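Colleague: how does the following fold in three dimensions:
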Amino acid sequence: MDPTPRPRRAIRTGLALAAALTAAALVLWWLAPGVLPGGGERPSGKVVFSTGAPKGVYARYGDMLRDDLAADLPELRVDLQPSEGSLDNMERIATGRADFAIATADAVAEYRSGHRPGWQRLRAVARLYDDYIQLVVPARSGIRSAQDLAGRTVGVGTDKSGVQLIAKRLLAAAGLDMAEDVQAVRQPIGTMTDLLRRGEIEAFFWSGGLPTAAVGALADRTEIRLVPLNNLLGPLHKQSPSAHYYRSAVMPADAYPELRDEQAVSTIAVANLLVTTERTDPVLTEAITREVIKSRDTIAKEVHAAQLVDLRTAVFTDPLALHEGAERYYRDEKP
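Modeller: Take a look at the predicted model:
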């Protein structure tokens with residue numbers, strides 16, 4: 001004799017069937033074109049993402065983000081374009097040559113304060129990670145401070161790069177004029193490691209997340225040292241309002257295990273922002289914002305700086321207001 005009452009068995013069977021149908025419906029909903037898990041539309045078409053120097057952190061971050069976007073938003077094509085750096089990215093975004101780009105907060109503020117073309121249209125998607133300013137010299141160099149760069153051949157990056165912006169300011173804070181007191185090499189930052197290794201320059205500035213792969217690779221082949229810069233923060237802040245986006249920071253001793261003389265180095269850092277304009281579709285911007293937060297751990301496996309991308313800090317995008325699509329995402333996902 002069956003001890004289970006038929007009504008109870010029927011209810012249990014019905015519940016199992018309902019659960020299966022619900023799961024199937026969710027799968028179909030997820031796979032349906034034009035629908036996101038949060039209930040919004042799934043964007044399609046093409047977007048241009050302006051990154052940075054080929055060997056820099058911006059470029060690798062862009063590569064990784066594009067891969068994750070391809071998996072989650074297969075109808076969206078992301079076209080990555082290298083650039084000279086932050087100032088170049090600002091110009092591309094503001095003038096419509098790119099849809100999204102990464103730039104340092106000081107470069108954004110500089111572009112806005114100069115009322116350059118399209119400055120009013122700039123909006124933020126997220127605060128990402130911090131760039132650390134790195135002054136790299138041969139290990140046996142007599143350069144122990146920025147003041148020691150007087151008369152030296154120094155790599156400062158190209159004219160539209162964020163690294164040249166901060167290099168010029170740091171030299172001024174050290175009492176040096178970049179045009180007169182140093183032999184400034186205005187070459188792409190990706191070439192600086194080779195120039196230093198061959199002895200064609202005596203030092204170079206690099207602005208990037210930690211660790212910067214190019215600096216680590218250089219340390220594998222050549223004995224180098226990082227010069228402290230933190231003593232310049234005070235005079236740096238006095239230069240202009242946009243210089244207030246720099247803060248004191250420490251590069252930990254294990255940032256570059258390749259260095260023989262591992263030790264913490266005091267320096268200066270500045271936040272990176274993911275930037276777009278007010279004209280960008282809110283649906284697209286919301287989807288990109290979601291992916292930036294969602295893909296943090298995946299990207300951080302190769303771009304370690306990305307582990308600092310966080311839902312709680314991503315909204316602090318001064319000097320830019322959030323794009324309405326990004327704001328909508330943060331409001332809905334408020335931790």
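Colleague: show me the contacts for the closest residue to Gly162 other than its chain neighbours.
Modeller: For Gly162, ignoring the flanking residues on the chain, the nearest one in space by Cβ to Cβ, 6 or more residues apart in numbering is Ser86 at 3.1 Å. C-beta: built from backbone N, CA, C; applies to glycine. Counting by Cβ atoms under 8 Å, 6 or more residues apart in numbering, Ser86 touches Gly52, Ile102, Ala103, Thr104, Asp106, Ala107, Val108, Ser161, Gly162, Leu165.
Colleague: cool, and Arg140?
Modeller: Glu223.
Colleague: change it to 6 Å
Modeller: Applying Cβ atoms under 6 Å, 6 or more residues apart in numbering to Arg140 gives no contacts.
Colleague: any idea how far it is from Gly199?
Modeller: According to Cβ to Cβ, to the nearest Å, Arg140 and Gly199 sit 12 Å apart.
Colleague: one more: Pro282?
Modeller: Pro282 is 52 Å from Gly199, by Cβ to Cβ.
Colleague: give me the more crowded residue out of those two.
Modeller: Neighbour count, other Cβ atoms under 10 Å: between Pro282 and Gly199, Pro282 has more, with 17 against 10.
Colleague: what sits against that one?
Modeller: Residues in contact with Pro282, defined by Cβ under 6 Å, 6+ apart, are Glu324, Gly325.
Colleague: now do the phi/psi pair for Leu195.
Modeller: phi -60, psi -40 (degrees, to the nearest 10).
Colleague: skipping adjacent residues, who's closest to it in space?
Modeller: Ile201 (4.6 Å).
Colleague: ok, the one you found touching Thr153?
Modeller: Yes. Using Cβ atoms under 6 Å, Ile201 makes contact with Thr153 at a distance of 4.7 Å.
Colleague: before we move on, what SS does Ala109 have?
Modeller: Three-state assignment for Ala109 (DSSP: H, G, I helix; E, B strand; the rest coil): helix.
Colleague: that one and Asp318 touch, don't they?
Modeller: No. Ala109 is not in contact with Asp318 according to Cβ under 6 Å; the separation is 8.6 Å.
Colleague: neighbour-wise, which of these two wins?
Modeller: Using other Cβ under 10 Å, the more surrounded residue of Ala109 and Asp318 is Ala109, with 21 against 14.
Colleague: and for that one, nearest residue in space, chain neighbours not counted?
Modeller: Nearest one to Ala109, counting by Cβ to Cβ, 6+ apart, is Ser242 at 3.6 Å.
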